[in-house]
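S.K.: Give me a model of this one.
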Amino acid sequence: MERLDGSSAVAAGLRGGIVALGNFDGFHLGHQAVVRRAVTRAHAEGRPAIVATFDPHPIRHFRPDAAPFRLTTLDQRERLFAEAGADAMLVFRFDAALASLSAAAFVEERLRGLAGIGGVVTGADFTFGKGRDGNVAVLAALGAAQGFSVDTVAPVEDGGEPVSSSRIRALLEGGKPAEAAALLTRPFAIQGVVEPGARLGRELGFPTANLALGTYLRPAYGIYAVRGRLPEGRVLDGVANLGIRPMIEPPLELLEPHFFDFSGDLYGQRIEVDLIGYLRPEWRFDGLDPLKAQIARDCEDARAVLAGKLRT
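M.R.: Model prediction:
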């Protein structure tokens, strides 16, 4: 799996590829259908299969003060695209130069000129170009004129509604990670480097691995049943606080997983934590003893959720 720079010429071995084009932030069921079509076509035609994405997300460029909303990092998308069968990920850096390109200029300069595409696959609602002057009809006309194929994939529905990143964000913000996972086909996962914290968890007998939330969407604050993946691939069950830790001043947004039956130093290591089940909101306690007792109950509940014995 190669990561390609969308502002540089693609190497000869990857030119003529079938490109799945979109933001693909959540890489949910709908996005997967687009990429699957591109990979299937590429294999049938003996061409490279490439997934093109934009980073940062266009919303961040046009609305820099927008609240954090990302469902995946670029590294996570790269792994997911590889698992879906892509040969490369093409990253278009969304900056002022890219935002100024009309739909026709983007196709001519970036897709045809630098990437040398042989075909494009998009979702039916895809828009692009300065002022969103391009859509799938415009793309099809440009393809017909310039000699590349264009495929569009209809929205995927679940429960009679289209699957979308905004729908998934709403579920996560509502404390429904299991429902979000059904649309993502995997749990929502936060990846980051473990950093030092206040060590209150260690003092209480429940040491945690603290992760900054960065640009990720903020799911409902509260306590979650989680699974963590360590750099060497080991998977650990646990319970985590996601939020501002109302017992500690000053408030600081963190994801703080406590992994069961684990002892070791994770500081400085990059780990990934899946949110499996929402147990309860964050609470403030009258002292550390009630807090410790509640954490013990949370651990029991999280174990039950992860064992499939308790629904959230």
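S.K.: all contacts plus neighbour counts: C-alpha atoms, from now on.
M.R.: Will do.
S.K.: ok, and what's touching stretch 11-21?
M.R.: 34-35, 38-39, 41-42, 47-53, 115-122 (Cα atoms under 8 Å, 6 or more residues apart in numbering).
S.K.: Stretch 73-91 too?
M.R.: Against stretch 73-91 from outside (Cα under 8 Å, 6+ apart): 1-6, 24-25, 27, 32, 35-36, 39, 48-55, 216.
S.K.: So which bits of that stretch are buried?
M.R.: 73, 76-78, 81-82, 85-91 (16 or more other Cα atoms under 10 Å).
S.K.: Would you mind writing the CA trace of stretch 18-37 as CSV?
M.R.: Only the C-alpha atoms of stretch 18-37 are listed here, as CSV (Å, rounded to 0.1, in the frame of the first residue of the first chain):
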residue,chain,number,x,y,z
ILE,A,18,-9.3,3.3,-11.3
VAL,A,19,-9.7,5.9,-8.6
ALA,A,20,-12.4,5.9,-5.9
LEU,A,21,-12.8,9.6,-5.2
GLY,A,22,-14.3,11.1,-2.0
ASN,A,23,-13.7,12.3,1.5
PHE,A,24,-14.3,8.8,3.0
ASP,A,25,-14.0,10.2,6.5
GLY,A,26,-15.9,7.4,8.2
PHE,A,27,-15.3,4.8,5.6
HIS,A,28,-18.7,3.5,6.4
LEU,A,29,-21.0,1.1,4.4
GLY,A,30,-21.6,3.7,1.7
HIS,A,31,-17.9,4.6,1.3
GLN,A,32,-17.0,0.9,1.2
ALA,A,33,-19.5,0.3,-1.7
VAL,A,34,-17.7,3.0,-3.7
VAL,A,35,-14.2,1.6,-3.0
ARG,A,36,-15.4,-2.0,-3.7
ARG,A,37,-16.7,-0.9,-7.1
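S.K.: tell me the mean pLDDT for that stretch?
M.R.: Mean pLDDT, stretch 18-37: 97.
S.K.: Run the chain-centre distance for it.
M.R.: For stretch 18-37, the separation from the chain centroid amounts to 12 Å (computed by Cα atoms, centre = their mean, to the nearest Å).
S.K.: cool, stretch 163-174 as well?
M.R.: Using Cα atoms, centre = their mean, the offset of stretch 163-174 from its chain centre is 12 Å.
S.K.: pLDDT on that stretch, on average?
M.R.: 97.
S.K.: and if you look at stretch 285-301?
M.R.: The model assigns stretch 285-301 a mean pLDDT of 91.
S.K.: Quick check: buried residues in that stretch?
M.R.: 291, 292, 295, 298, 299, 301.
S.K.: Find the nearest non-adjacent residue to the second one, please.
M.R.: Nearest in space to residue 292, with sequence neighbours left out and distances taken as Cα to Cα, 6 or more residues apart in numbering, is residue 204 at 6.2 Å.
S.K.: Would you map the helices across the protein?
M.R.: For the chain, applying DSSP state H gives helices covering 29-45, 58-62, 74-83, 96-99, 103-105, 136-146, 165-173, 177-184, 200-204, 288-306.
S.K.: Any idea which of the ones you listed gets closest to residue 251?
M.R.: Ranking the helices of the chain by proximity to residue 251 (Cα to Cα) places helix 200-204 first, at 13.8 Å.
S.K.: which residues touch the nearest residue to residue 106 once chain neighbours are set aside?
M.R.: Leaving aside its sequence neighbours, residue 106 sits nearest to residue 129 (Cα to Cα, 6+ apart; 6.7 Å). Residues in contact with residue 129 (Cα under 8 Å, 6+ apart) are 99, 100, 101, 102, 103, 104, 106.
S.K.: what's the farthest-apart pair in those?
M.R.: 99 and 104 (12.6 Å).
S.K.: hang on, the earlier thing: now render the helices of the chain as CSV, adding distance to residue 261.
M.R.: Listed next are the helices of the chain as CSV, based on distance: least, Cα to Cα, whole Å:
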stretch, distance to residue 261
helix 29-45, 34
helix 58-62, 40
helix 74-83, 27
helix 96-99, 49
helix 103-105, 54
helix 136-146, 52
helix 165-173, 28
helix 177-184, 24
helix 200-204, 14
helix 288-306, 11
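S.K.: ranges for the strands of this protein?
M.R.: Taking DSSP state E, the strands of the chain run over residues 2-5, 18-21, 49-55, 88-93, 119-123, 149-153, 157-158, 161-162, 189-193, 222-229, 235-243, 254-259, 270-280.
S.K.: now, of those, which is deepest in the fold?
M.R.: When you average the neighbours per residue for each of those (mean count of other Cα atoms under 10 Å), strand 18-21 leads with a mean of 30.
S.K.: Ends of stretch 278-291, what's the gap?
M.R.: End-to-end distance for stretch 278-291, by Cα to Cα, to the nearest Å: 18 Å.
S.K.: Likewise for stretch 173-190?
M.R.: By Cα to Cα, the extent of stretch 173-190 from end to end equals 14 Å.
S.K.: cool, and stretch 19-39?
M.R.: 9 Å.
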